[in-house]
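Engineer: No letters, just coordinates:
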């Protein structure tokens, strides 16, 4: 992928193949006026196949949500046409108001106006627990908001 | 400000301190009869409970304090749709400390976030019931003289029993604890708890029948196995008697076994066992009240 095409913006690289649209949706990239490019199934030596998103503006990006959706991504920050910074992400320790607890007995099902907080319980397995009821949420469920 | 939401939020030293206070209350009750004079506990019980609510109320009265509250959601503003956060902010204007039972898991955690006074979790759904665990720990320490180097049998429904999970989490912090888990296969402890025990290096043995292991135990913690928890009727019929403690099974137990049960029981401990000196479940109720006294003292001292 050539990053020269961006003057000021991001190249979100090493996205697990198939997750680009999920990131597009969660980062609300559809609300932007600037150019956004999604490349699906690009060849990658490291990953076999990967997705890439290019954003042609330095908008605020929630790296916690991004790390939660796909901890394997690399965020390249481009300023004045050059690579200014490179961030490798990881699963965040906490995610707030990204997912909701599915436990029907959890207080979050009835209490209005409280934050939905999940705490990382097992980094290896990508398991989070609800801060309130501690019910685990498996990685395959974690994108269903 | 401290709260009691989950037993593992409190260190072993703090729990031991509570037990020391409870021992002192038992030995010298007269020292504590005015300890909470002019203080009030609000017992906010969104679902019925005989034992726990009365235990908190008796504890506060014995400390010289006063009690207010409700014993079911229908007699509170919750029936009008008031949130937990608003309720505790309101009740916190009237009371010095709140004990809350709520059917929704995590409700006391929400309460603690908004409350101006300490919150005690008096049971939140199938999640936590830390003051029951305090009662269990004090009973074991008073009966055995220690909380380490014990073989602890947990019998019955180990999957859904919140008291089992809390007690295992609390006791696994003491050295030399071995758990013998006695349950049908479908009611074994949850995977996360087994994993926690494995990480802590705690010895676990899982068996199906109480009679196979009762002779090896220092502590036997009984819980109820409900018929509807079984996947098939044949297994229920085959195993149901294995989870009922009666004098015949007790005959194979050690003379110094301590039998505990969080109560209420249905039929899992035969009434014929009640007069056996090893049956300690009613002492456990009494000790629960003393531990709640110790906890109220500690939380209100901590607040001051």
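Structural biologist: That came through, no problem. Everything quoted here is computed from the prediction, not taken from an experiment.
Engineer: All the strands of chain B, in order from the start?
Structural biologist: B:40-45, B:66-70, B:97-102, B:119-124, B:151-155, B:178-182, B:203-207, B:219-222, B:258-260 (DSSP state E).
Engineer: Show me what counts as buried in the second one.
Structural biologist: Put plainly, it is strand B:66-70. Within strand B:66-70, the residues scored as buried using 16 or more other CB atoms under 10 Å in any protein chain shown are B:66, B:67, B:69, B:70. Glycine gets a C-beta too; all of them are placed from N, C-alpha and C.
Engineer: hmm, back to that, would you reformat the strands of chain B as a markdown table and include distance to chain A and mean pLDDT?
Structural biologist: Converted to a markdown table, the strands of chain B look like this (distance: least, CB to the nearest CB, whole Å; pLDDT from 0 to 100):
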| stretch | distance to chain A | mean pLDDT |
| --- | --- | --- |
| strand B:40-45 | 14 | 97 |
| strand B:66-70 | 18 | 95 |
| strand B:97-102 | 7 | 97 |
| strand B:119-124 | 8 | 96 |
| strand B:151-155 | 20 | 98 |
| strand B:178-182 | 20 | 97 |
| strand B:203-207 | 19 | 96 |
| strand B:219-222 | 22 | 98 |
| strand B:258-260 | 24 | 98 |
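Engineer: Which pLDDT value belongs to residue B:161?
Structural biologist: On pLDDT, residue B:161 comes in at 85.
Engineer: Would you confirm that residue B:243 contacts residue B:268?
Structural biologist: Yes. Contact criterion CB atoms under 8 Å: residue B:243 and residue B:268 qualify, at 6.0 Å.
Engineer: ok, back up a step: adding distance to residue B:21, write the strands of chain B out as a markdown table.
Structural biologist: Formatted as a markdown table, the strands of chain B follow (distance: least, CB to CB, whole Å):
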| stretch | distance to residue B:21 |
| --- | --- |
| strand B:40-45 | 17 |
| strand B:66-70 | 20 |
| strand B:97-102 | 16 |
| strand B:119-124 | 15 |
| strand B:151-155 | 24 |
| strand B:178-182 | 28 |
| strand B:203-207 | 31 |
| strand B:219-222 | 23 |
| strand B:258-260 | 21 |
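Engineer: looking at these, which is closest to residue B:297?
Structural biologist: Evaluated over those, closeness to residue B:297 peaks at strand B:97-102, with 10.2 Å, by CB to CB.
Engineer: Between residue B:243 and residue B:268, which has more neighbouring residues?
Structural biologist: For residue B:243 versus residue B:268, the count of surrounding residues by other CB atoms under 10 Å in any protein chain shown is larger for residue B:243: 22 against 19.
Engineer: got the contact list for residue 93?
Structural biologist: Picking chain A for this. Residues counted as contacts of residue A:93 (CB atoms under 8 Å, 6 or more residues apart in numbering or on different chains) are A:119, A:120.
Engineer: actually it's chain B I care about, not the one you picked
Structural biologist: residue B:116.
Engineer: For it, give its distance to residue B:73.
Structural biologist: 20 Å (CB to CB, to the nearest Å).
Engineer: And for residue B:236?
Structural biologist: 33 Å.
Engineer: Can you get me a residue count around the residue lying closest to residue B:7 once chain neighbours are set aside?
Structural biologist: Using CB to CB, 6 or more residues apart in numbering or on different chains and skipping the chain neighbours, the partner closest in space to residue B:7 is residue B:130 (4.2 Å). Counted by other CB under 10 Å, the residues lying close to residue B:130 total 28.
Engineer: thought residue B:130 was touching residue B:166?
Structural biologist: Yes. If you go by CB under 8 Å, residue B:130 and residue B:166 touch, sitting 6.2 Å apart.
Engineer: which neighbours do those two share?
Structural biologist: B:6, B:7.
Engineer: contacting residues around the residue lying farthest from the centre of chain A?
Structural biologist: Most distant residue from the mean C-alpha position of chain A: residue A:105, 28.1 Å away (CA atoms, centre = their mean). Residues near residue A:105 by CB under 8 Å, 6+ apart: A:133, B:103, B:104, B:105, B:125, B:126, B:127.
Engineer: Please spell out the ChimeraX selection for the buried subset of these.
Structural biologist: The following ChimeraX line selects those of the contacts of residue A:105 that are buried, judged by 16+ other CB under 10 Å:
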select /A:133 /B:104,105,125,126,127
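Engineer: Take the contacts of residue A:105 and keep only those in helices.
Structural biologist: Counting by DSSP state H, the contacts of residue A:105 place none of their members in helices.
Engineer: For residue A:112, see how far away the residue in the stretch 101-250 of chain B positioned nearest to chain A is.
Structural biologist: Distances between the stretch 101-250 of chain B and chain A by CB to the nearest CB are smallest at residue B:106, namely 2.5 Å. In this view, residue B:106 and residue A:112 are 14 Å apart by CB to CB.
Engineer: what about those two, which has more around it?
Structural biologist: Under the neighbour definition other CB under 10 Å, residue B:106 and residue A:112 were set side by side, and residue B:106 has more, 31 against 9.
Engineer: Look at the residue lying closest to the more buried one once chain neighbours are set aside and say how many residues are nearby.
Structural biologist: Leaving aside its chain neighbours, residue B:106 sits nearest to residue A:132 (2.5 Å; criterion: CB to CB, 6+ apart). Residue A:132 sits with 28 neighbouring residues when counted by other CB under 10 Å.
Engineer: contacting residues for residue A:132?
Structural biologist: Counting by CB under 8 Å, 6+ apart, residue A:132 touches A:101, A:106, A:107, A:108, A:117, B:105, B:106, B:107, B:109, B:110.
Engineer: Try it again at 7 Å.
Structural biologist: A:106, A:107, A:108, B:105, B:106, B:109, B:110 (CB atoms under 7 Å, 6 or more residues apart in numbering or on different chains).
Engineer: My guess is the fourth one contacts residue A:108. True?
Structural biologist: No. No contact is recorded between residue B:105 and residue A:108 when judged using CB atoms under 7 Å, the distance being 9.4 Å.
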